[in-house]
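here's my sequence, what's the structure:
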Amino acid sequence: MISRESRGLCYVCVCVLQEETAVVIVAMFLVGYILWFQRAQRKYEELCCCKSVINHVQQDPSLVTGKREWISQGRQRDNGHWFSQVQPFHIHVYSAFFDSRRTLRSQPQVAVIAVIDRRLSQQPHLWCRVWYNSVDEAMVLRAYLMPIGAGKLMADGIELVEHIITCHVKTDACVPVSVSLAWGASVSEMTSFRVPIELAQNTSSQQNLAVCVSTSFGHVDARRLIEWLEMQQILGVQLVVIYNHSVSPSVGHILSHYAHAVDLSHRPAVELRQTRAYMTDDVLLHMSPVINDCMYRFSAQFKYFAVIDLDEVIVPRHVYSIPALIESLSFNSAFPVALFTFRNAYFFLDIPVDDLQSPLRRNAALSTYLVHRRRLTASPPAYSVKSVVNAQACIAMHNHYCWTYATDALSYWILRLDVAPSDALLHHYKRCHLDAYLQQSGHCKYVMAATVVDNVIDKYSTPLAERLYMKCVMFNVTSV
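Residues are numbered from 1 along each chain as shown. Purely as a prediction, here's the structure:
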C-alpha cells in the first residue's frame, strides 16, 4: 500500500514534470516561430528586392547602368573604357562583379577593380553605395580594401595604387545593378559615376584551363607571339584572354584573327579584350587590374587559370598537358590546392646556339622554343614565380600571385604548392636583363657561362613546327 504522503509526493512530482514539459514545448514553439519568421522575412525582402530590380530594369535599363549592353552581356570586348575622376581624389575603376562563389561561405560580395589615390585608401571610412531598385535609393555597405600592386608615383606627384575593393551584401538571391564608392563619416562624398555590376560568364559545362595575360603593350614580336599562342593550345589551354593596351596594328591583326577563329568545339581559342589609358604613362597600373577582371569574368567557366606572360610557357616534364599535370598534382594532395607555383628557368636568347641545340624537325628553325634549348638552372622558389590558380580560391590577384584568398581556402586548403622542377618548369624566353636589373656589368656573361641543354620540348616538336609554319605563312612572317 502507498501511503497518503507518498501519493501526495508523486502528485507534486507529476505536476512539476508537466509544468517543465509545458515550458520546454512553449520555448521550442517560440524558437521555431522566431526562426520561421526570420526566414520568411529574409525571403520576403529577397523577393521584394529581386522584384523591384526586375521591374526597374524592364522600365528603363539606361537609368540604372547608362549602357544597355551591361544588362544583357556585360562589358563588350572592344570597350576598354575606365570610369574615372581626378577630384578630390584620383579614382579609376575598370569593372565590378557580383561574387557569390561557394568558397565565400554564403557571404556574397561586390568586387570593384580599381586604381585609386593612396590618400583615399587612408581615409578612416570608405563605403560602397549599391543600387538594387532605383537611382535614388542605394544600400550603403562597408568597403574593404585589398591592394593588388605596388602602385606608382605619377608625374603630378599623386601616388596611385591598384586595389580590389569588396563590399559584403546581404543576399545572393538577386544581383545589384550598379555601385559607386563613397567616403567620409556621413557617406555624402561619392564618385561622380556609377559602375555597372557584372556576373561571371557562364556556360553549360565547366572547362579546365584558361590563361590570363596581363596588359599587352609596345613592341611584341609577331613570330614569337604566334608560337606562344600555338603552344598554349598544344599544352591543353582552352582559352587565352589577352588585354590589349597599345600593341602595334600588325600584332593587333594577328590577335584579332585568333579571336575570330574557332576550334573544333566552335569556341574561340583567344579572347581579345581592351583596356584604354586613363592618364599619361599609366600602362603598368593596368596589369594587376586586368588579371583580376579575367579571373572574376571567367571564374564560373573554368576550373583553373594560368597567369603568365607572352614570353613564358609552363612545360610539364613527364605528362603532356598542363591539365594532366594539375590533375596529377591534385590527386597526390590530401586537400584542395589554391595555387600551383612554377619555378622560373631562363632560356636567354643571347646564349649562343650550338650543335647540341640544333633542331632536327623540318621548319623547326622558325621556332624559338625548338632552337633555344640552353637554360640556366631553375631560379629559387620565391624568385619570379608564375602560377596556376584555382578559380574558386582567390579574391585578389597580384600580377602573377594570389594575395588574398577566399574563406574556404584559408580554412583548410593548401594555399600554395611549389611544383618541383622535376615535374614542370616555367620556360622564360628573353634576352638577359640581369646587368641592368642588378646594375652589375658582366653578370649576364657570368651566368650564361654555366648552362644546361634541356630537351623536354622535343615531345612537342612535330605539332609545334607544323602549326607554327602554317601560321607564319598565313601572316607572312617566315623570316628568321
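
point out where the stretch 251-400 of the chain drops to low pLDDT.
Along the stretch 251-400 of the chain, the parts satisfying pLDDT under 70 run over 263-267, 355-361.

which residues of it fall in strands?
270-274, 302-307, 312-316, 339-342, 344-348, 374-375, 386-390, 394-397 (DSSP state E, counting those that start in this stretch).

tell me the strands beside the second one, with direction?
Put plainly, it is strand 302-307. strand 207-218 (parallel), strand 386-390 (antiparallel) (DSSP bridges).

check contacts around residue 394.
295, 338-339, 402, 404-406, 409 (C-beta atoms under 8 Å, 6 or more residues apart in numbering). The C-beta positions use only the backbone N, C-alpha and C, and glycine is treated the same way.

would you mind measuring from it to residue 205?
Relative to residue 205, residue 394 is positioned 22 Å away (C-beta to C-beta, to the nearest Å).

equivalent analysis for residue 162, please.
For residue 162, the distance to residue 205 - C-beta to C-beta - is 33 Å.

turn the contacts of residue 394 into a markdown table, columns for neighbour count and distance to residue 145.
Output for the contacts of residue 394, formatted as a markdown table (neighbours: other C-beta atoms under 10 Å; distance: C-beta to C-beta, whole Å):
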| residue | neighbour count | distance to residue 145 |
| --- | --- | --- |
| 295 | 28 | 18 |
| 338 | 23 | 21 |
| 339 | 23 | 22 |
| 402 | 24 | 17 |
| 404 | 17 | 10 |
| 405 | 21 | 16 |
| 406 | 22 | 17 |
| 409 | 23 | 20 |
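
which one of those residues is nearest residue 444?
The nearest member of those to residue 444, counting by C-beta to C-beta, is residue 339 at 30.8 Å.

mind listing what the closest one touches?
387-390, 393-394, 401-402, 415-417.

between the residues you listed, identify the one with the most neighbours.
residue 394 (29 neighbours; other C-beta atoms under 10 Å).

okay, and the beta partners of it?
Assigned bridge partners for residue 394, using DSSP bridges, are residue 405.

what count of nearby residues applies to residue 431?
Around residue 431 there are 10 residues (other C-beta under 10 Å).

can you give me the pLDDT of it?
Residue 431 is assigned 96 on the pLDDT scale.

was I right to think it contacts residue 347?
No - at 10.6 Å, residue 431 and residue 347 do not qualify as touching, with contact defined as C-beta atoms under 8 Å.

in stretch 374-382, what counts as buried?
374-376, 378-379 (16 or more other C-beta atoms under 10 Å).

domains in this structure, by residue range?
74-198, 207-475 (automatic domain parsing).

could you point out which of these sits nearest residue 25?
Using C-beta to C-beta, the domains of the chain put domain 74-198 closest to residue 25, at 31.4 Å.

now the closest one: mean pLDDT?
On average, domain 74-198 scores 92.

again with stretch 442-462
94.

can you give the contact residues for it?
231, 234-235, 315, 317, 320, 345, 347-348, 350-351, 356-357, 359-361, 364, 369-370, 373-377, 425, 427, 432-435, 464.

and for stretch 123-137?
Contacts for stretch 123-137 (C-beta under 8 Å, 6+ apart): 49, 52-53, 55-56, 63-64, 110, 112, 120, 138-143, 145, 165, 167, 169, 174, 176-185, 187, 190, 194, 197.

straight-line length of it, end to end?
End-to-end span of stretch 123-137 (C-alpha to C-alpha, to the nearest Å): 24 Å.

how about it: buried residues?
123, 126-133.

got the contact list for the residue positioned nearest the centre of the chain?
Nearest to the geometric centre of the chain sits residue 295, at 2.3 Å (C-alpha atoms, centre = their mean). By C-beta under 8 Å, 6+ apart, the contact list for residue 295 reads 212, 305, 389, 391, 394, 397.

swap in 6 Å and give it another go.
Residues counted as contacts of residue 295 (C-beta atoms under 6 Å, 6 or more residues apart in numbering) are 305, 397.

mind checking how far residue 244 is from residue 448?
Taking C-beta to C-beta, one finds residue 244 at 33 Å from residue 448.

the more surrounded of those two?
Taking other C-beta under 10 Å, residue 244 and residue 448 do not tie; residue 244 has more neighbours (23 against 18).

quick check: residue 343 vs residue 331, distance?
Taken as C-beta to C-beta, the span from residue 343 to residue 331 is 21 Å.

between those two, which one's more packed in?
Using other C-beta under 10 Å, the more surrounded residue of residue 343 and residue 331 is residue 343, with 22 against 7.

could you find the closest non-adjacent residue to that one?
residue 378 (4.3 Å; C-beta to C-beta, 6 or more residues apart in numbering).

that neighbour contacts residue 345, correct?
Yes - applying C-beta atoms under 6 Å, one finds residue 378 in contact with residue 345, separated by 5.0 Å.

mind checking how far the residue nearest to residue 227 when sequence neighbours are not counted is from residue 251?
Spatial nearest neighbour of residue 227, excluding adjacent residues (C-beta to C-beta, 6+ apart): residue 468 at 5.2 Å. From residue 468 across to residue 251, the span is 16 Å (C-beta to C-beta).

who has more neighbours, these two?
Neighbours were counted for residue 468 and for residue 251 using other C-beta under 10 Å; residue 468 has more, 24 against 18.

still on that earlier bit, with distance to residue 25 added, can I get the domains of the chain in JSON lines?
Listed next are the domains of the chain as JSON lines, based on distance: least, C-beta to C-beta, whole Å:
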{"stretch": "domain 74-198", "distance to residue 25": "31"}
{"stretch": "domain 207-475", "distance to residue 25": "38"}
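
hmm, back to that, so which of residue 162 and residue 205 has more stuff around it?
residue 162 (28 against 5).

which residues outside the helix or strand hosting that one are in contact with it?
Using DSSP states H and E, residue 162 sits within strand 159-168. Outside strand 159-168, the residues that touch it by C-beta under 6 Å, 6+ apart are 90, 107, 109-112, 114-116, 118, 128, 141, 143-149, 151-153, 285, 288-289, 396.

just the buried members of the residues you listed?
90, 109-112, 114-116, 118, 128, 141, 143-149, 151-152, 285, 288-289, 396.

show only the entries of the residues you listed found in strands.
109-112, 114-116, 128, 141, 143-147, 152, 396 (DSSP state E).

and of those, the nearest to residue 256?
residue 115 (27.0 Å).

one step back: drop anything exposed from the contacts of stretch 123-137.
Judged by 16+ other C-beta under 10 Å, buried ones among those: 49, 53, 56, 64, 110, 112, 120, 138-139, 141, 143, 145, 165, 167, 169, 174, 176-183, 190, 194, 197.

alright, I will stop here.
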